[in-house]
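A.B. asks: quick one, what's the 3D model for this:
(one chain, ligands or ions: 1)
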Amino acid sequence: MTTLTVAGVLLGGALAGCGGGTPPPPAPVPTPPTPPAATASPAPPKKPPTMAPGPAGRTPVFERRPATGTPAGGSPSDDKVVALSFDADMTADQGPRAKAGERFDNPELIALLRRLKVPSTVFMTGRWAEEYPAQAKDIGADDLFEVANHSYSHYAFTADCYGLPVVAKGTMARDVERAFAAFREAGVRNVVPYFRFPGGCYDDAALRALAPANVTAVQWDVVSGDAFATDAGAVARQVLDGVRPGSLVVLHCTRSAAPVTGEAVGRIVPELRKRGYRFVKVSELMEG
Ligand SMILES: [Zn+2]
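C.D. replies: Have a look, this model is predicted:
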């Protein structure tokens, strides 16, 4: 069985977190009088697009918007979309490290994405949502973001994946469902049925095992190299060199394992905009 891996991913002990800081507690609000019957109900939330399962129900895998070739007649800039995705890693066995003060979240990065108004997709582990429930909820409450599943445990779904512990046989779908349960527990909104394999490692057995979870697996075509990076300029260059229309970029949202990501994003975003790119969430990229 071939193990597909992608370089530049966190492993070992990388908990990452994307967080937006703790929202203030809601002020008590007096019960308003019953409003007159609405003439129109609000539009139901749009259902995020997914891909059809593969043969025998295998979990489909999305990597980037397929290239459409040279647009005929249209402006080439129509195709200039790019999705930044941020993995909020926290591995199930990293609780003691968090307790000891290691920060797997990165609220400054979330704040930066808000300031720059960059729609983004956060692939969050269930363990991360448990550690940072207020931040998880805050990210999910902001329509700038969508929250996708990065497993509960951040254990590997193949045997050999950057030294990550491996998910016990037969529990892969359960691990994914447990992350969705953790999101519900934290009150996270804007959850999309997308799943990123820890380390990006998967094989045919994993795609079959995840069929009951009804997710679309999401990989990427541009590796930022931000995991454990110390040179923000190098990360930015790698992204800027790699992005094509329809690209999907993997970055991380964890101070502990990706300390220069915010600085890199601060360089990447204005430059890509200068080149005519528009930032979209993975769901919009998948819509085509
Ligand atoms: Zn990860």
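
A.B. asks: residue 82 is in contact with residue 277, isn't it?
C.D. replies: Yes - using CB atoms under 8 Å, residue 82 and residue 277 qualify as a contacting pair, with a distance of 5.0 Å. Quick note: C-beta positions are derived from backbone N, CA and C, even for glycine.

A.B. asks: which one's more surrounded, those two?
C.D. replies: In terms of neighbours (other CB atoms under 10 Å), residue 82 is the more surrounded of residue 82 and residue 277; the figures are 25 against 20.

A.B. asks: the more buried one and the ion, how far apart?
C.D. replies: As for residue 82, its distance to the ion is 20 Å (criterion: CB to the ion, to the nearest Å).

A.B. asks: and that residue, that one's in a strand?
C.D. replies: Yes - the secondary structure assignment for residue 82 places it in a strand, going by DSSP: H, G, I helix; E, B strand; the rest coil.

A.B. asks: and the helix or strand that contains residue 192, average pLDDT?
C.D. replies: The secondary structure element spanning residue 192 is strand 191-195 (assigned by DSSP states H and E). Averaging the model's pLDDT scores along strand 191-195 yields 98.

A.B. asks: ok, stretch 115-131 next?
C.D. replies: For stretch 115-131, the mean pLDDT works out to 98.

A.B. asks: coming back round to it: who does the helix or strand just after the strand holding residue 192 touch, helix- and strand-wise?
C.D. replies: Using DSSP H and E, the helix or strand that follows strand 191-195 towards the C-terminus is helix 204-209. Under the contact criterion of 3 or more CB pairs under 8 Å, 6 or more residues apart in numbering; DSSP states H and E, helix 204-209 touches helix 172-186.

A.B. asks: the helix it packs on near the ion anywhere?
C.D. replies: No - counting by CB under 5 Å from the ion, the ion has no neighbours in helix 172-186; the shortest distance is 11.9 Å.

A.B. asks: what residues of that helix count as buried?
C.D. replies: Neighbour-count burial for helix 172-186, counted by 16 or more other CB atoms under 10 Å, picks out 172-173, 175-180, 182-183, 186.

A.B. asks: which one among the residues you listed gets closest to residue 147?
C.D. replies: Proximity of the buried residues of helix 172-186 to residue 147 (CB to CB) peaks at residue 183, which lies at 6.4 Å.

A.B. asks: okay, that closest one: pLDDT?
C.D. replies: As predicted, residue 183 sits at a pLDDT of 98.

A.B. asks: touching, it and residue 137? I think so.
C.D. replies: No - no contact is recorded between residue 183 and residue 137 when judged using CB under 8 Å, the distance being 9.0 Å.
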